[in-house]
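J.: Coordinates for the following, if possible.
(one chain, ligands or ions: 2)
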Amino acid sequence: MMTWHILGAGSLGCLWAARLATQKHRVQLILRDNAALARYQATQGIGLSDAQRQHTTYYPIAAQLASDAQPIEYLLLACKAYDAQTAVSQVAQRLTTNSVVILLQNGLGSQQAIQTMLPQVRCLAASSTEGAYLAEPFHSVFAGIGHTVLGDLQPNAQAAPANLIETLNTAHIPCSWTNQIAQDLWRKLAINCVINPLTVIYNCNNGALSAYPEQVNTLCAELQQLLHAAGQPTTASDLTERVWHVINSTAANSSSMRQDVHKQRRSEISFITGFACAQSLALECPTPALHALHQQLQNMLHAHGLPTT
Ligand code: NAD
Ligand code: KPL
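T.: Ligands and ions are numbered 1, 2, ... in the order given. As a prediction, the model looks like this:
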């Protein structure tokens, strides 16, 4: 049995917590403050429902604060990218050289910042296609079956953690290991850089982007240059085809960024187009259409009264 700490009891944190608890692992939620702890203790525990919300199971998982003294063996960081560094710094003193930290954040930038903060700790980045949302606090709805790829942020750090991958699959968290997680993260980032902002700007589902082929193709061409400059030629080679595939295969979906805007929630823009624009400057690889898109997205977020970073 493993001991897991889950920092961020939102959609994905609850989804992972419930499945790990089912396998009798020792799971602890780490909540923000005493008020959150009191709100959680007034519930029946973590709720998990199927996509149709026909069945809900409650899991009486233990909860604590970041200030607890218990050392952390496996830490699942399940907060948004913009909260990740602060959240990790609150538990950093509880991590040891034997700890493993799994980073679920979307986009790029937060993972590297955390590995830099924790040079002695094994940090694994995750790229997940699972989908979940909160029906209410501490109650997650498992909306989309998917798969999670995990890999070391520090290249060739150690042997693949076969026991971890097996444990997660046994807990019905479908996942696999890669020695090249940067490739998966960059691919998802590039796809998100095209689809997410355009769906916000045109306020449309993913499939409706087929009405803007020139804009999509121009952005893909710039991102291909950026991927080459960033040492990701494999991801660059088929980016345009992949973007069109995602547009068509998720035609009826509303992108995560558009959902954030509709729900008046802060987006992860700084870790998507913001990160890509910063890389284009750092690598001296001009991406004018991407910069214009990022600026237009910021204007749009500002108009909605939302943070632009
Ligand atoms: P969420 O907003 O539902 O949950 C995040 C939780 O973290 C919130 O409850 C928040 O209060 C908590 N939190 C933040 N800072 C904290 C702190 N310092 N201490 C304690 N708790 C803290 O987010 P989510 O949808 O679960 O997404 C998490 C990450 O996973 C994001 O980067 C997202 O893009 C990515 N992701 C989500 C999905 C999905 O379907 N939800 C799918 C793939 C990737
Ligand atoms: O990952 C996505 C997101 O919405 O963030 C895409 C692939 C764009 C699917 O909607």
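J.: Can you give me the neighbour number for the closest residue to ligand 1 within the stretch 101-250 of the chain?
T.: Of all residues in the stretch 101-250 of the chain, the one sitting closest to ligand 1 is residue 106 (3.1 Å; Cβ to the nearest ligand atom). (Glycine included, C-beta is placed from N, CA and C.) A count of nearby residues for residue 106, using other Cβ atoms under 10 Å, gives 20.
J.: Apart from its chain neighbours, what residue comes closest to it?
T.: Of all residues not flanking residue 106 in the chain, residue 268 sits nearest, at 5.5 Å (Cβ to Cβ, 6 or more residues apart in numbering).
J.: With just CA atoms, put the longest strand anywhere in the chain into PDB.
T.: With secondary structure taken from DSSP state E, the chain has its longest strand at strand 95-103. The C-alpha trace of strand 95-103 is given here as PDB (Å, rounded to 0.1, in the frame of the first residue of the first chain):
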ATOM      1  CA  LEU A  95       9.400  16.200   0.900                       C
ATOM      2  CA  THR A  96      12.500  14.000   1.000                       C
ATOM      3  CA  THR A  97      14.900  12.600  -1.600                       C
ATOM      4  CA  ASN A  98      12.600   9.500  -1.600                       C
ATOM      5  CA  SER A  99       9.500  11.500  -2.400                       C
ATOM      6  CA  VAL A 100       7.800  11.400  -5.800                       C
ATOM      7  CA  VAL A 101       5.800  14.400  -7.000                       C
ATOM      8  CA  ILE A 102       3.300  14.100  -9.900                       C
ATOM      9  CA  LEU A 103       2.400  17.300 -11.700                       C
END
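J.: strand partners of it, parallel vs antiparallel please.
T.: Sheet pairing of strand 95-103 (DSSP bridges) gives strand 72-77 (parallel), strand 122-128 (parallel).
J.: Name the residues that touch the longest one?
T.: Contacts of strand 122-128 with the rest of the structure, by Cβ atoms under 8 Å, 6 or more residues apart in numbering, involve 12, 99-104, 111, 114-115, 146-154, 157-158, 161, 175, 181, 184-185, 188.
J.: Just the buried residues of the residues you listed.
T.: Among the contacts of strand 122-128, the ones that count as buried by 16 or more other Cβ atoms under 10 Å are 12, 99-104, 111, 114-115, 148-153, 161, 175, 181, 184-185, 188.
J.: which residues are in contact with the longest strand of the chain?
T.: With contacts defined as Cβ under 8 Å, 6+ apart, strand 95-103 is touched by 71-77, 84, 88, 110-111, 114, 118, 120-126, 150, 153, 161, 164.
J.: Buried ones only from those residues, please, as a ChimeraX command.
T.: Entered in ChimeraX, the line below selects the buried ones among these, by 16+ other Cβ under 10 Å:
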select :72,73,74,75,76,77,84,88,110,111,114,118,121,122,123,124,125,126,150,153,161,164
